[in-house]
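Participant: What follows is a predicted protein model with its sequence.
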Amino acid sequence: MARRRRRRRDGSPWAIVGIVGLLTLAAAAIGGFVILKSRTGKTPPLDADLCPATGAVSASAILLDLTDPISDITQVDLKRQFEATVSNIGIGGLIEVYAITNEEGKLKRTFRRCNPGTGAEADEWTQNRRKIQQRWEEAFSKPLKELSDSIGSDSESTTSPIMAGVQRIVIESFSDPKLNGGPKQLYVASDMLENTDAFSIYKSGADYEAFLKSPARDRFRTPLDGIDVKVWAFQRESTPGDRDLAEFWRQWVRANRGGFTGFERLTGIK
């Protein structure tokens, strides 16, 4: 009589557990790779100004009119305003700083960079936090601090072409197609006493009707569409009434289709 053979089992439970474990590890590895890949893709390359290659997410410019001296306490207040503004520039936001010169329409640009982000804001899995912090300090934070410390050291000038300075920034910087769509803010630090051969507040006062009849109306026409303008006003003993001067500049900004976000008088008087 033939002996009956035992059936062989297809596999032990431990083999099945091993296969499931390997599949789980493979799935975890693939998932981790996908996550790292997606994180890496969220960090765009930066250009020479540390701005995203696709364009800055916002643009801010500070125009300093130090063509006449300001008091010590005004310098302190201006530095406070300057540093507070810089601290609010988000990652990928552009900040530019300009100084008005004696020559109409010719500005001195002292800074142009985007905020590249600090090490604390970097991704610990895909970025080198130490190098990113070093880049932020050396290329963004330190130069701006040095610039803030130097505010008030400019010399006197015989003219104060404020409108021409605003016009130059708008045409040469804010009109960059890469900046379209993002918020734009212009800060003007000045006594706001426009003084050129085309129009002078020293001669006409803060009279907007007189300005409209002057050559300055067309010479300094500026497309301020989508740009918010805020004034940090220095006080002079010869300054016209605050309301008159603020209203003059409010009318000029709005006539050029810009947003007028404030006329803030700084402390001190010269």
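Facilitator: Received it, and whenever you're ready, just let me know what you need.

Participant: Backbone torsions only: list them for residue 262.
Facilitator: In terms of degrees, to the nearest 10, the main-chain angles of residue 262 are phi 150, psi 150.

Participant: what does residue 202 give?
Facilitator: Backbone dihedrals for residue 202, given as degrees, to the nearest 10, come out at phi -60, psi -30.

Participant: ok, which stretches of this protein are helices?
Facilitator: Listed in chain order, the helices of the chain (DSSP state H) span residues 13-41, 72-87, 129-136, 142-149, 162-169, 201-204, 208-212, 216-219, 242-255.

Participant: low-scoring pLDDT stretches of the stretch 1-150 of the chain, where are they?
Facilitator: For the stretch 1-150 of the chain, applying pLDDT under 70 flags the ranges 1-43.

Participant: correct me, but residue 104 touches residue 159?
Facilitator: Yes: the pair residue 104 / residue 159 is scored as a contact, 6.9 Å apart, by CB atoms under 8 Å. Bear in mind the C-beta positions are built from the backbone N, C-alpha and C, glycine included.

Participant: what do these two both touch?
Facilitator: When contacts are counted by CB atoms under 8 Å, 6 or more residues apart in numbering, the set common to residue 104 and residue 159 consists of residue 196.

Participant: residue contacts, the closest residue to residue 182 other than its chain neighbours?
Facilitator: If the residues on either side of it in the chain are set aside, residue 182 comes closest to residue 58, at 4.7 Å by CB to CB, 6 or more residues apart in numbering. When contacts are counted by CB under 8 Å, 6+ apart, residue 58 is found next to 89, 90, 92, 93, 94, 182, 183, 184, 185.

Participant: Kindly report the same for residue 94.
Facilitator: Listed by CB under 8 Å, 6+ apart, the contact partners of residue 94 are 49, 51, 56, 58, 59, 60, 112, 113, 114, 179.

Participant: would CSV of those residues with distance to residue 231 be doable?
Facilitator: Supplementary listing: these in CSV, determined by distance: CB to CB, whole Å:
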residue, distance to residue 231
49, 26
51, 27
56, 23
58, 20
59, 18
60, 15
112, 22
113, 24
114, 25
179, 22
